[in-house]
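> sequence first, then the predicted structure, then my questions.
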Amino acid sequence: QLKFADSLSRLGTESAFVVLARAGKLAAEGRDIINLGIGQPDFQTPEHIVEAGIKALRDGHHGYTPANGLPKLRESVAADLHRRHGVEVNPDNVVIQPGGKPTMFFACLMFGQPGAEIMYPNPGFPIYESAIKYSGATPVPIALKEENGFAFSAEEVLGQITERTSLIIINSPANPTGGVTPREEIDKLVKGLEAHPNVALMSDEIYSNMLYGGREHVSLLQYPEIRDRLIVLDGWSKTYAMTGWRLGYAVWPDSCVDHVTRLCINDHSCVNAATQYAGIAALDGPQDAVTAMLAEFDKRRQVIVEGLNDLPGVTCTDCAGAFYAFPNISGTGLSAMEAQNRFLDEAGVATVAGTSFGKYGEGYLRFSYANSTENIVEALRRIRGLL
Ligand code: PLP
């Protein structure tokens with residue numbers, strides 16, 4: 001019997017990977033599976049980015065880089081944030097990571113310990129709750145409701161702050177709901193936080209490029225009054241279809257930069273050098289592939305929202321961002337997990353139960369529309385037959 005640490009029992013997982021494995025197994029057995037469970041773009045990384053990665057390898061960039069990332073890459077991030085959000089960011093506050101996830105894990109390790117409380121969106125990205133629990137802190141859910149378009153209510157967030165609250169995590173556009181929090185709510189949150197100067201805020205903006213219907217992203221970086229305790233997470237995975245490259249970043253307050261850099265040194269030394277060069281090409285190069293990908297996502301979004309609303313017992317909000325629809329399936333009489341399992345086993349359609357994203361996800365199912373329109377239409381046809 002090995003003497004495993006107790007903390008391991010507190011570590012959660014991301015069920016999308018479990019569904020993915022099961023869908024892959026069924027497909028390997030010869031079943032025709034349509035995968036709407038997956039949280040990654042179904043596009044290839046644009047060619048000029050791939051070329052930049054290959055060139056970096058050929059040019060001999062095989063060694064360690066600074067732990068916080070190549071200076072040129074951090075400058076490109078700052079320039080990109082200025083272009084997209086109209087904000088000034090010092091490249092010294094940018095820390096490059098192998099993906100978006102390490103930022104949330106490190107933030108939870110930095111602010112979480114027994115006795116501390118960390119707030120997080122629920123339903124939300126499952127790693128928040130997992131990382132909070134792992135740190136020993138108490139996870140305090142921010143309930144996201146369909147009637148608010150799955151945006152958080154600033155009043156509810158502020159009302160849950162106690163003297164033990166060390167960190168609040170927010171995410172807009174959101175996984176798994178596609179919800180986008182309106183500017184008024186963010187204004188209210190920032191205003192209310194004035195009364196709690198020692199509470200840190202992490203805004204996960206990994207989907208900041210993915211908003212539809214003419215909506216504009218509201219970055220928390222646009223609020224200078226909270227910069228001294230604000231962490232903004234973003235990255236390349238979703239925007240540039242680079243999930244497997246493992247590249248992300250966050251903008252950290254001055255007081256956190258040394259701590260997070262030390263966590264990087266302890267954990268992974270630095271991100272793969274060639275990947276960082278590819279990241280520079282992504283930010284500095286042409287953005288037309290991103291625009292084309294978004295136009296395609298928007299078309300599919302309209303198809304899936306309309307199709308879901310046409311199913312018996314199912315209703316779906318317009319999911320204004322990311323690439324997820326999060327329909328309410330309670331009218332079908334199925335629980336989220338029953339629907340996930342039956343849709344996969346009997347209709348060959350992989351989706352993820354809302355409860356994989358927290359207890360407030362009961363009655364919902366996440367559909368990713370990172371799949372072709374043809375497959376989306378066919379998946380909806382099969383589910384209609386089953387229902
Ligand atoms: N944040 C959210 C809300 C996500 O949905 C994801 C990925 O699904 C991530 C962060 C992590 O992205 P990465 O693959 O870059 O670690």
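Thanks, I have it. Numbering: from 1, shown residues only.
> could you use CA atoms for every contact and neighbour count after this?
Fine.
> stretch 261-277 near the ligand anywhere?
No: applying C-alpha under 6 Å from any ligand atom, one finds stretch 261-277 out of contact with the ligand, separated by at least 12.4 Å.
> alpha carbons of that stretch, as CSV, please.
The C-alpha trace of stretch 261-277 is given here as CSV (Å, rounded to 0.1, in the frame of the first residue of the first chain):
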residue,chain,number,x,y,z
THR,A,261,7.5,32.9,-12.0
ARG,A,262,8.9,30.8,-9.1
LEU,A,263,6.0,28.4,-9.5
CYS,A,264,6.9,28.1,-13.2
ILE,A,265,10.6,27.5,-12.3
ASN,A,266,9.6,24.7,-9.9
ASP,A,267,7.0,23.2,-12.2
HIS,A,268,8.2,23.3,-15.9
SER,A,269,11.1,25.7,-16.2
CYS,A,270,9.6,27.3,-19.4
VAL,A,271,7.3,26.7,-22.3
ASN,A,272,8.7,24.8,-25.3
ALA,A,273,10.8,27.4,-27.2
ALA,A,274,9.5,26.6,-30.7
THR,A,275,5.9,26.9,-29.4
GLN,A,276,6.7,30.4,-28.1
TYR,A,277,8.0,31.4,-31.5
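> that stretch: how far from the chain's middle?
20 Å (C-alpha atoms, centre = their mean, to the nearest Å).
> show me what counts as buried in that stretch.
261, 263-264, 269-277 (16 or more other C-alpha atoms under 10 Å).
> with pLDDT added, can I get the residues you listed in a markdown table?
Output for these, formatted as a markdown table (pLDDT from 0 to 100):
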| residue | pLDDT |
| --- | --- |
| 261 | 98 |
| 263 | 98 |
| 264 | 98 |
| 269 | 96 |
| 270 | 97 |
| 271 | 98 |
| 272 | 97 |
| 273 | 98 |
| 274 | 98 |
| 275 | 98 |
| 276 | 98 |
| 277 | 98 |
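> could you count how many residues lie near the closest residue to the ligand within the stretch 101-250 of the chain?
For the stretch 101-250 of the chain and the ligand, the shortest gap (C-alpha to the nearest ligand atom) falls at residue 101, measuring 3.9 Å. For residue 101, the neighbour count with other C-alpha atoms under 10 Å is 21.
> which residues sit in contact with it?
Neighbouring residues of residue 101 by C-alpha atoms under 8 Å, 6 or more residues apart in numbering: residue 127.
> for it, what are phi and psi?
When read as degrees, to the nearest 10, the backbone of residue 101 gives phi -60, psi -40.
> who's in contact with the residue of the stretch 251-387 of the chain found nearest the ligand?
Taking C-alpha to the nearest ligand atom as the measure, the stretch 251-387 of the chain has residue 322 as its residue closest to the ligand, at 8.5 Å. Neighbouring residues of residue 322 by C-alpha under 8 Å, 6+ apart: 173-175, 178, 207, 210-211.
> wait, is residue 259 part of a helix?
Yes: the assignment for residue 259 is a helix, going by DSSP: H, G, I helix; E, B strand; the rest coil.
> now do the same contact list for it.
Contacts of residue 259 by C-alpha under 8 Å, 6+ apart are residue 110.
> how far off centre is the helix or strand of the chain with the lowest mean pLDDT?
Counting by mean pLDDT, DSSP states H and E, the chain has its least confident helix or strand at helix 15-28, which shows a mean of 87. Offset of helix 15-28 from its chain centre (C-alpha atoms, centre = their mean): 20 Å.
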